[in-house]
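Enquirer: pasting the sequence and the predicted model now:
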Amino acid sequence: MGAGRKALPGLVQELVYTVDHKKLGMMYLGSGLVFFMLAGIMAVAIRVQLAVPNNHFLNPSAFNQFFTMHGTTMVFLVGMPLILGLANYLVPIMIGTRDMAFPRLNAFGFWIFLFSGFLLYFSYLGGSGVYGIGSAPDVGWFAYSPLTAKAFSKGHSTDYWTLSLLAGGIGSIATAINLIATIFCLRCRGMTLNRMPLFVWLNAVVAFLIILAMPPLSACQIMLCLDRYLGAKFFDTQAGGSAILWQHFFWIFGHPEVYILILPAFAIISEVIPVFSRKPIFGYPIMVMASVMIAFISLGVWAHHMFTVGMSSVSNTFFSASTFVIAVPTGIKIFNWIGTMYGGKLRMELPLLFSIAFLFQFLIAGLTGVMLATTPFDWQLNDSYFVVAHFHYVLVGGLLFSIFAAFYYWYPKMIGRMLDGAMGRWHFWLFLVGFHLTFFPQHIMGILGMPRRIYSYPADRGWEIGNLLSSIGVIFQATGILIFLINLLYSYYRGRRAGDDPWDAWTLEWATTSPPAEYNFEKLPEVHSARPLWDLKHPDEPDWKHN
Amino acid sequence: MFCKCRVVLTALLLTWTLWIPRLAMSEVNTVPSSFHPCSVPARAIYELSVLVLAICSGIFVVVTAMLLFVVVRYRRRPTDSAQEPPQIYGSSQIELAWTVVPIIITLVLILVTARTIGEIQNKNLPEDALMVEVIGHQWWWEVGYPQYGVRTANEIHVPVSSSAHPAPTRIILKSADVLHSFWVPQLAGKMQLVPNKINMTWIEPLQTGVYLGSCAQYCGAQHAFMLLRVIVHTPEGFQRWVASQKGLFAGSLATAAATTSRRVSSKNSTDLAANGRKTFFSTACVSCHRIDGTTAQGTFGPDLTHLMSRHTIGAGVAKNTHQNLATWVRDPQLLKPGCFMPDMHLTPSQIHEVVTYLETLQ
Ligand code: HEM
Ligand SMILES: [Cu+2]
């Protein structure tokens, strides 16, 4: 690299060598968006194939690769980098410090994430699955054994999947450790734990979850490698291995992973709702406690993904009950967000619009989650389109909507210009309508007996209308996303100048310039409450008088 | 109270599903809706589901109403003063209230769920209940009746149950390769077929008819077409079916030809069938398929002894017609790409003969 250093164009060189948490954060966000487009294109292809029965747009093998790559990409290469990117960018500024605790480790985390993405997509070139050269993994993002054993998954596509997730896991653990060190060691003067913004609290909780949940995934990836290359027999059922062992390992990771993705969404709207309601968050201590509870319980519910493997009635009841219990702290959070808006003066700007849609959609997702936690109901609807609907209400209706809220809220800080409001509203409404049109009918398709991960279906089962609606919805969603992407670019050059504090907000990131200077703050701030900027703006009625 | 909820909710769900004109109208319930249960365990699940749906819908309505109220009532109007609203930091009473109420609802949910789990999972079936062994293969179902020595594929025949003659069927689930999942929504919830593990489920159909199901666990290339039918007979009808499957005529070319003479009426067709039989037994067909009473004893593919008694071929990928059979034998990959039956490279006339032979397998 030494020689090439000077030859590289300035920007690329800057990005490659940077250890600045803000640049790394934006690189996470940028690459997350690129992978989002890739996975989105695959989603569109999947929906085109399923629009009508007995369709031949995709062959079965291509379809199976697409849904595997779509799921894997969305979870590991879209969800993770978008949330880690935001945390990277915002946490140090929000706690009033100059960088992450370990800036180089931070850069390492990003680059290994990008490497894991390339590794996954390289399978399209080097995969050589059952169908010859260039096949991506086709075993599903959950990769249940023994479909991944050598006997059933020939070639190397599964190996790319395994190695990619292994690499990605290392990166997320590194970043999580970094976040924890930063949050617990580098807070500015006066920022006690009970004055940290909820965004920071929730990202701390997420970091702990990553550290607890990722190792089981890495462990089972290594075991799978051993199976496939050294003849170990953990999961290879033909040699006496266990199919269910994989499911336990995978879901001990997989269930907390859902919370790793959704707690940052909570983090975002916990910042947006108060600012746009002009009120402090309702019940700050209980919000923190509820989040910790959610994370804690989420580690003990994994087998609710396994109600159909033939567990004892005692295990089934236990995992059902422990899952119901999560609904309590989650409910508390929803009520507290509504409580925050109650009595406020709601400014209907885009971040708040997306947050309100989040609340509504996450409510539906939560309630269908309760239904699925009811073991007998799950016996019917597990692995049906009802589940596809449920988790897209979580991941799109919840995570993605909150990420959009975050973009509209913090883009001015990161770029120094506002995102265009008119385009933003088009984006919001098209995406909202498209989202519900796509995923709501899928609840009913599941109840009507449509299994998931099928590349086609017979014409007489009453699934046609739902599928057609669902596919039409995707057109709306794609249009909305397109407008959003155009907006990102357009506003970069043409957007209205933002100023330091365009939303009249209260946390420390708004106390520095937009975009922030290299070192965030010329002089590190000192705070006396959870809303330092409120204290500045309202010296007569400062926050610290109340807590 | 609960009853009323149920009626309202069922009505609601039926309107949801009204786009399906065929629901519950013909002998074959072409829509395998889990909300249209026809068997004891499926009904127990349905009842619990409706209760849970009622509770969740109630919560949905209440919370959505709160949300809408807050959003509409407290949105800022242009006439509002620039002053900040009163700063409220929380209220321990209110927070306590919305902690306790969900806890109570949760406890109720846990209790009703535990009850239904027990009802289904801990049910003691009679010792002599009919037993059906279902083995999942990539991508078809092997079905055996150990009590009768009968074997078939992709279709399960069982007797109907009534209060006078309760007739639950025990279903033993095994897998020959990867994970699969047995799912006939109108008869029972799903259960995985796990390699090296024997799972059990049961059904007790309350209405004769044909019920559609499928594999619900992604199992590779043709997971989509691993479809399944359960045919529920009257008790007498079931006995007749067992008798017909017991190999009374199977495999014997003379009788087979006699039974087909109605359909294939000329002497010429008998010759065709004889030639087809010869082709069948001189190629690799026999190493994968079984025809009772002959040297074909393969177990890799579906048993063909009574092929013509089945409605579909390729686990539901196509109707069992002459044309489809011919296409299938010519090139199985055409109808079911990725499936494990190879192209046998037969000439068109050989294909015609083999299919004519297959059509004698009543
Ligand atoms: C933007 C619009 C999206 C559409 C139209 C869409 C559509 C789909 C469809 C049709 C499937 C296949 C369902 C099946 O047959 O099992 C699927 C699977 C999946 N999607 Fe999405 N999706 C979208 C966004 C997302 C997002 C944002 C995420 C996560 C962050 C996500 C995560 C997944 C996962 C994990 C799977 C399961 C893959 C598997 O079964 O292995 N999707 N999606
Ligand atoms: Cu299967």
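Expert: Looks like it came in fine. Ligands and ions are numbered 1, 2, ... in the order given.

Enquirer: geometric centre of chain A: which residue is closest?
Expert: By CA atoms, centre = their mean, chain A has its centre lying nearest to A:Gly79, at 3.0 Å.

Enquirer: name the nearest residue to B:His165, ignoring sequence neighbours.
Expert: B:Pro235 (6.4 Å; CB to CB, 6 or more residues apart in numbering or on different chains). No exception for glycine: its C-beta is placed from N, CA and C like everyone else's.

Enquirer: what is the neighbour count of that neighbour?
Expert: As a burial measure, B:Pro235 scores 14 neighbours (other CB atoms under 10 Å in any protein chain shown).

Enquirer: where does the chain have its least confident helix or strand?
Expert: Defaulting to chain A. helix A:4-7 (a mean of 49; mean pLDDT, DSSP states H and E).

Enquirer: was after chain B, sorry
Expert: Per mean pLDDT, DSSP H and E, bottom of the list for chain B is helix B:253-260, a mean of 46.

Enquirer: for chain A, which residue gets nearest to chain B?
Expert: A:Trp379 (2.5 Å; CB to the nearest CB).

Enquirer: so that residue is in which element?
Expert: For A:Trp379, the host element (DSSP states H and E) is helix A:375-381.

Enquirer: what is that helix packed up against?
Expert: Applying 3 or more CB pairs under 8 Å, 6 or more residues apart in numbering or on different chains; DSSP states H and E, we find helix A:375-381 packed against helix A:313-341, helix A:350-373, helix A:421-447, helix B:40-73, helix B:92-121.

Enquirer: does anything pack onto the second one? Which helices or strands?
Expert: Pointing back at helix A:350-373 there. helix A:243-277, helix A:313-341, helix A:375-381, helix A:385-394, helix A:401-415, helix A:421-447, helix B:40-73.

Enquirer: equivalent analysis for the longest one, please.
Expert: Counting contacts by 3+ CB pairs under 8 Å, 6+ apart, helix B:40-73 is packed against helix A:313-341, helix A:350-373, helix A:375-381, helix B:2-16, helix B:92-121, strand B:199-203.

Enquirer: re earlier: for the residue nearest to B:His165, give me its contacts.
Expert: B:Pro159, B:Val160, B:His165, B:Ala167 (CB atoms under 8 Å, 6 or more residues apart in numbering or on different chains).

Enquirer: which residue packs closest to the last one, ignoring adjacent ones?
Expert: Leaving aside its chain neighbours, B:Ala167 sits nearest to B:Ser161 (4.2 Å; criterion: CB to CB, 6+ apart).

Enquirer: just give the number of residues close to whichever residue of the stretch 151-300 of chain B sits closest to ligand 1.
Expert: Residue of the stretch 151-300 of chain B nearest ligand 1, by CB to the nearest ligand atom: B:Tyr218 (6.9 Å). Counted with other CB under 10 Å, the neighbours of B:Tyr218 add up to 26.

Enquirer: pretty sure it sits in a helix.
Expert: No - counting by DSSP: H, G, I helix; E, B strand; the rest coil, B:Tyr218 is not part of a helix but coil.

Enquirer: where does the stretch 201-350 of chain B dip in pLDDT?
Expert: For the stretch 201-350 of chain B, applying pLDDT under 70 flags the ranges B:247-268.

Enquirer: show me the contacts for B:Val286.
Expert: B:Phe280, B:Thr295, B:Ala296, B:Gln297, B:Gly298.

Enquirer: from B:Ala318, how far off is the first one?
Expert: Yep, that's B:Phe280 we're talking about. Distance, B:Phe280 to B:Ala318, using CB to CB, to the nearest Å: 20 Å.

Enquirer: turn the helices and strands packed on helix B:40-73 into TSV, columns for mean neighbour count and distance to B:His345.
Expert: Listed next are these as TSV, based on neighbours: other CB atoms under 10 Å in any protein chain shown; distance: least, CB to CB, whole Å:
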stretch	mean neighbour count	distance to B:His345
helix A:313-341	22	50
helix A:350-373	24	49
helix A:375-381	28	44
helix B:2-16	13	50
helix B:92-121	16	49
strand B:199-203	21	39
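
Enquirer: so which of these gets nearest B:Lys190?
Expert: Nearest of these to B:Lys190, taken as CB to CB: helix A:375-381 at 5.8 Å.

Enquirer: and the closest one, how far out from the chain's middle?
Expert: 26 Å (CA atoms, centre = their mean, to the nearest Å).

Enquirer: again, but for stretch B:110-123
Expert: 23 Å.

Enquirer: cool, stretch A:195-209 as well?
Expert: 15 Å.

Enquirer: same deal with stretch A:456-472?
Expert: 29 Å.

Enquirer: quick check: A:Leu419 touching A:Phe407?
Expert: Yes - contact criterion CB atoms under 8 Å: A:Leu419 and A:Phe407 qualify, at 7.0 Å.

Enquirer: before we move on, what SS does the residue nearest to the centre of chain A have?
Expert: helix.

Enquirer: which ones are touching whichever residue of chain B sits closest to chain A?
Expert: Chain B approaches chain A most closely through B:Gly189 (2.5 Å), counting by CB to the nearest CB. Neighbour list for B:Gly189: A:Thr308, A:Pro376, A:Asp378, A:Trp379, A:Gln380, B:Pro41, B:Ala42, B:Ile45, B:Ile120, B:Trp183, B:Thr201 [criterion: CB under 8 Å, 6+ apart].

Enquirer: how about 10 Å then?
Expert: Applying CB atoms under 10 Å, 6 or more residues apart in numbering or on different chains, we find B:Gly189 in contact with A:307-308, A:375-382, B:34, B:41-42, B:44-45, B:120, B:182-183, B:201, B:216.

Enquirer: related to what we said a few turns ago, let me know whether the residue of the stretch 151-300 of chain B closest to ligand 1 touches A:Thr148 as I believe.
Expert: No - using CB atoms under 10 Å, B:Tyr218 is not in contact with A:Thr148, being 11.6 Å away.

Enquirer: which neighbours do these two share?
Expert: A:Val139, A:Gly140, A:Phe142, B:Val178.

Enquirer: how many neighbours does the first one have?
Expert: Right, A:Val139. So A:Val139, with other CB under 10 Å, has 24 neighbours.
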